[in-house]
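# I would like to see how this sequence folds:
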Amino acid sequence: MYHTYISRRIHRLFDAINAGKAASVLAAYAHGFEHICVGNHALGGKRTRVGPMLDWYARLYRLLPGLHFEISQITVSGGPWNTLAVIEWTMSSQGAAATNGTGMHVMRLCWGRMVQLIICPYGDAFSTPLEQLARDGVAEASAAPIV
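Numbering: from 1, shown residues only. Model (predicted):
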């Protein structure tokens, strides 16, 4: 029953991401958290504070407008004190560097709050559109990661 609750909550979080509502996602984090996006690009890096997280989501929505994640599978294990969820997804975005890609989020929760989120885009899901935007003159697409 607990795992079903977490799966539903994850679906709601992805609905919020798809709707551009970063504040709803940030509310799910614990006070001490770690947010990592794997890759050497403008969306990569590690964040542990709310301010940089807000900046990261703002950058995400600017660079990949119309971003949409479709969940293909959620696997949840552990108890409420230490829950691990793996979310596999496909994504698409609109705009100057429209893209499609796949990847996964690895999420660790403690008593229902996210303490760690690792975003693992497969292949070039993020880097290819960012490289295209940089070639088109969008300076932020080649900016240093927000940390």
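
# How far does the helix or strand encompassing residue 14 sit from its chain's centre?
Taking DSSP states H and E as the criterion, residue 14 maps to helix 2-18. Taking CA atoms, centre = their mean, to the nearest Å, one finds helix 2-18 lying 13 Å from the centre of the chain it belongs to.

# In that helix, which residues are buried?
Residues 6, 10, 13-14, 16-17 are the ones in helix 2-18 that count as buried (16 or more other CB atoms under 10 Å). For every residue, glycine as well, the C-beta is placed using N, CA and C.

# so where do the helices sit in this protein?
For the chain, the helices defined by DSSP state H cover 2-18, 22-26, 50-63, 127-135.

# For residue 141, which residues are in contact?
42, 63, 97, 130-134 (CB atoms under 8 Å, 6 or more residues apart in numbering).

# If any of these are buried, put those into a PyMOL selection.
Remark: buried members of those, expressed as a PyMOL selection using 16+ other CB under 10 Å:
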select buried, resi 42+63+97+130+131+133+134
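
# Flag the least confident of the contacts of residue 141.
Ranked by pLDDT, the contacts of residue 141 bottom out at residue 97, which scores 75.

# residues contacting the residue most central in space within the chain?
By CA atoms, centre = their mean, the chain has its centre lying nearest to residue 119, at 5.5 Å. Contact analysis of residue 119 by CB under 8 Å, 6+ apart lists 35-38, 103, 105.
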